[in-house]
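Peer 1: below are the sequence and a predicted model; questions follow.
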Amino acid sequence: MVAGDFNVISKYSEQSGRTFSNEHNIEEFNDTMFNCGLVEVDFDGSPFTWTNGTMWQRLDRALVKETWSNMFGVTKVSHLVRGFLIPFSQYLGKTPDLFGNDTRSLARTNTARGMHGFFRKLVHTKTKFRQWNAQCFGNIAQAVKLAEEKLHQCESEFQLRRDDVSKSKAWATFTLALAVEDEFWRQKSAIKWIQVGDANTRFFHSVVKQRRNANFIFRIKRDNGHWIEDESRIKDLAT
């Protein structure tokens, strides 16, 4: 089996949009497959595997010889939907302000002083963050799933009515959802995502859980040297 990005199409029906393929390259690719005794493996999913937003092409494929088919029977390739990641900071600049136009809302949260006042401000900030998160992001995993389903739908309809606008919008929405999910796990795990490889939610959930355990306050030491381990007493002393 030979599989990957061949950077060439085998026929003109494998492209759409504003694109012009070199006829010589197409003929050369088909001649090479014929001379090597290679045939294409059937696929499911989108008919195109690459796009730049204005053109779509099928550049990725799997090729096998007759001996492969005799040994393994039916082989099929699935074209998965994949987006490219954009800087998350670009998206944050377009989201509503966390505290709106009132930049002094934190200072006016309460009039209490000391640790009690500080604790009240933290509670207020946490509430604001939750409201802002629900408004801007909602369920991140669900957003990725819905965006991917919408993109699949647009790709299927694209074969019937060449609607570049709807497909481009669906692609942009899916790409943005991936960027949000990517940054979410970057911050949650506090490790270098790219070095780990493909998404492994079980792994990242375990890392997040370990961080929470590390940040948990098990006991505090009072001025008189005594240790307080009771959770309710620790909370009272902090407030």
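Peer 2: On my side now, so go ahead. Numbering: from 1, shown residues only.
Peer 1: now do the contacts for residue 17.
Peer 2: By C-beta atoms under 8 Å, 6 or more residues apart in numbering, residue 17 lies in contact with 51, 54-56, 164. All C-beta spots, glycine's among them, are computed from the backbone N, C-alpha and C.
Peer 1: can you name the residues bridging to it?
Peer 2: residue 55 (DSSP bridges).
Peer 1: before we move on, back to that, mind putting the contacts of residue 17 in JSON lines, distance to residue 235 and pLDDT included?
Peer 2: As requested, the contacts of residue 17 are arranged in JSON lines below (distance: C-beta to C-beta, whole Å; pLDDT from 0 to 100):
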{"residue": "51", "distance to residue 235": "54", "pLDDT": "79"}
{"residue": "54", "distance to residue 235": "58", "pLDDT": "75"}
{"residue": "55", "distance to residue 235": "60", "pLDDT": "80"}
{"residue": "56", "distance to residue 235": "57", "pLDDT": "82"}
{"residue": "164", "distance to residue 235": "58", "pLDDT": "66"}
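Peer 1: from the residues you listed, which is closest to residue 16?
Peer 2: residue 56 (4.7 Å; C-beta to C-beta).
Peer 1: was I right to think the closest one contacts residue 16?
Peer 2: Yes. With contact defined as C-beta atoms under 8 Å, residue 56 counts as touching residue 16 (4.7 Å).
Peer 1: name the residues contacting each of these two.
Peer 2: With C-beta under 8 Å, 6+ apart as the test, residue 56 and residue 16 both reach residue 48.
Peer 1: okay, the two: which has more neighbours?
Peer 2: Neighbour totals were compared for residue 56 and residue 16, and residue 56 leads with 24 against 19 (other C-beta atoms under 10 Å).
Peer 1: how close does the more buried one sit to residue 3?
Peer 2: 20 Å (C-beta to C-beta, to the nearest Å).
Peer 1: quick one on the thing from earlier: now the contacts of residue 17 in TSV, with distance to residue 150?
Peer 2: Listed next are those as TSV, based on distance: C-beta to C-beta, whole Å:
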residue	distance to residue 150
51	16
54	20
55	21
56	17
164	15
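Peer 1: out of those, who has the most neighbours?
Peer 2: residue 56 (24 neighbours).
Peer 1: the residue lying closest to that one once chain neighbours are set aside: what's it in contact with?
Peer 2: Leaving out its chain neighbours, the residue that sits closest to residue 56 by C-beta to C-beta, 6 or more residues apart in numbering is residue 48, at 3.9 Å. Contacts for residue 48 (C-beta under 8 Å, 6+ apart) come out as 14-16, 56-58, 79, 155.
Peer 1: and residue 48, backbone torsions?
Peer 2: phi -120, psi 150 (degrees, to the nearest 10).
Peer 1: state the pLDDT value of it.
Peer 2: We have a pLDDT of 83 for residue 48.
Peer 1: and for residue 196?
Peer 2: 55.
Peer 1: now do residue 27
Peer 2: Value for residue 27, per-residue pLDDT: 91.
Peer 1: would you confirm that it belongs to a helix?
Peer 2: Yes. Counting by DSSP: H, G, I helix; E, B strand; the rest coil, residue 27 is part of a helix.
Peer 1: ok, and the nearest residue to residue 29 once chain neighbours are set aside, which helix or strand is that part of?
Peer 2: Distance criterion C-beta to C-beta, 6+ apart; nearest residue to residue 29, sequence neighbours excluded, is residue 8 at 4.8 Å. Element membership for residue 8 (DSSP states H and E) is empty, with no helix or strand holding it.
Peer 1: likewise for residue 153?
Peer 2: Going by DSSP H and E, residue 153 is in helix 140-158.
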